[in-house]
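Enquirer: The following comprises the amino acid sequence and a computationally predicted model.
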Amino acid sequence: MRTGSAPTLAVVTDRPEPVRIRPRSFHRRDAATVAGCAAASLALTWLAYSQILPFRGLPGFLLLWASFNFLIYYVAVRETQGRVVARDRTMASIISVVAIAIVIPLILILGYVTLKGLRFLRLAFFSTTMASVGPESPSTQTGGLQAIVGTVEQVGIAMVISVPLGILTAVYLNEVKGRIVRPTRIFVDAMSGVPSIVAGLFIYTVLVANGAGFSGFAAALALSILMLPTVTRTCEVVLRLVPDGLREASLAMGAPEWRTTWGVILPTARTGILTAMILGVARVVGETAPLIMTAFGSATLNTNPFSGPQAALSLSSFQLFGSSQTADVERAWVFAFVLLTLVLILFVVARLQGERRRS
């Protein structure tokens, strides 16, 4: 006689796998939700703006539309996918709209300056000066050699002054950590917010008004004051990213602290320090207010930064914009376009250097 229960066969049914909902996942139905909420909020905004509220104007309409859109979108996502996903999607939408609102004016400015500058830019701009340009000259006859040379010399001297001081200050703040670290950091942060006109007034009072006269060197001193906080703060952040294991290994091998800083920490942060230098140059290369009271500007080529007024790209553009001649205003767009291109190149190089350091 056999005992025991007979084996049973399990019945397997094919059930569809449930869709996993995550805050950052985005499916096709989510696109339909976004479109539906945008249409509903647009209709509600039109009704409120034209029939109920006494306001007029496109900015107010767009602001009210965005507010209704975020509210309706939050409610729709919360009812279908839960409160957590609704909060995440709504905040992502708000951040995206704010980013687009910031980027659009920048694109319009870049596009407008590019169109106006390229229209009158010629290759002779890089090899001639404004000394040969008269009031009856066409707008395409523009000389920028004196401004290019002046900008290179002034920014170069400012780099020679600011970069070593900025690196040494960053090393003191992050490596030495002496008694005056806190006052030094507060002073550096305060200098970051100093208006550029204050730096120009300081150099004018101390140097130019005391008999030294206008010069490219005076302009470089004013630019170095503005460049120093940027280089210092960026270098300090870069030095903080150096692993502590490198410091400990060097000190354990018997190397003194200065040797560790010079031979281990600074070479490791070399790419980041180069990025700090580029960001410092990009910070001051477009400054105009300090140059008005220090370099003063010139239509002729002056290769000696220690004697006589000197031109610069930003200063020449500012002076030409103030002219009553239409041709001079059109020439100013050429200087502005060249300067804007230079700044963009510097920022792109700094970005690439940062990516290279992270990789």
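Expert: Cool, the structure landed. The structure displayed is predicted, hence computed values, not measured ones. Numbering: from 1, shown residues only.
Enquirer: List the buried residues for the longest helix anywhere in the chain?
Expert: Ordering each helix of the chain by length in residues (DSSP state H) puts helix 83-120 first. For helix 83-120, the neighbour count (16 or more other Cβ atoms under 10 Å) marks 85, 86, 88, 89, 90, 93, 113, 114, 116, 117, 120 as buried. C-beta here means a position set from N, CA and C on the backbone, and glycine is covered the same way.
Enquirer: Neighbours of residue 55, how many?
Expert: Residues near residue 55, counting by other Cβ atoms under 10 Å, number 13.
Enquirer: next one: residue 258
Expert: So residue 258, with other Cβ under 10 Å, has 11 neighbours.
Enquirer: What does the pLDDT read for it?
Expert: Looking at residue 258, its pLDDT is 85.
Enquirer: what's the answer for the one 5 residues further on, then?
Expert: pLDDT, residue 263: 89.
Enquirer: wait, what's in contact with it?
Expert: By Cβ atoms under 8 Å, 6 or more residues apart in numbering, residue 263 lies in contact with 250, 255.
Enquirer: Just confirm it is within a helix.
Expert: Yes. Residue 263 forms part of a helix when assessed by DSSP: H, G, I helix; E, B strand; the rest coil.
Enquirer: low-confidence ranges in the protein?
Expert: 1-28, 354, 356-359 (pLDDT under 70).
Enquirer: can you map out the helices along it?
Expert: Using DSSP H, helices in the chain cover 28-47, 58-81, 83-120, 145-171, 181-192, 196-203, 216-240, 244-252, 257-260, 266-268, 270-284, 289-292, 313-321, 326-358.
Enquirer: want to try TSV for these, with distance to residue 305 as columns?
Expert: Output for the helices of the chain, formatted as TSV (distance: least, Cβ to Cβ, whole Å):
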stretch	distance to residue 305
helix 28-47	57
helix 58-81	47
helix 83-120	26
helix 145-171	5
helix 181-192	24
helix 196-203	13
helix 216-240	3
helix 244-252	40
helix 257-260	34
helix 266-268	29
helix 270-284	15
helix 289-292	12
helix 313-321	14
helix 326-358	19
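Enquirer: can you tell which of the ones you listed is closest to residue 137?
Expert: Each of those has some distance to residue 137 by Cβ to Cβ; the shortest is helix 326-358, at 6.8 Å.
Enquirer: got the angle between the closest one and helix 83-120?
Expert: Inter-element angle recorded for helix 326-358 and helix 83-120: 140 degrees (by axes from the mean of the first three to the mean of the last three Cα atoms, to 10 degrees).
Enquirer: And helix 326-358, what does it pack against?
Expert: When contacts are defined as 3 or more Cβ pairs under 8 Å, 6 or more residues apart in numbering; DSSP states H and E, helix 326-358 packs onto helix 83-120, helix 145-171, helix 270-284, helix 313-321.
Enquirer: Residue 262 is nearest to which of those?
Expert: Comparing those by Cβ to Cβ, helix 145-171 comes nearest, at 9.4 Å.
Enquirer: Appreciated, that's everything.
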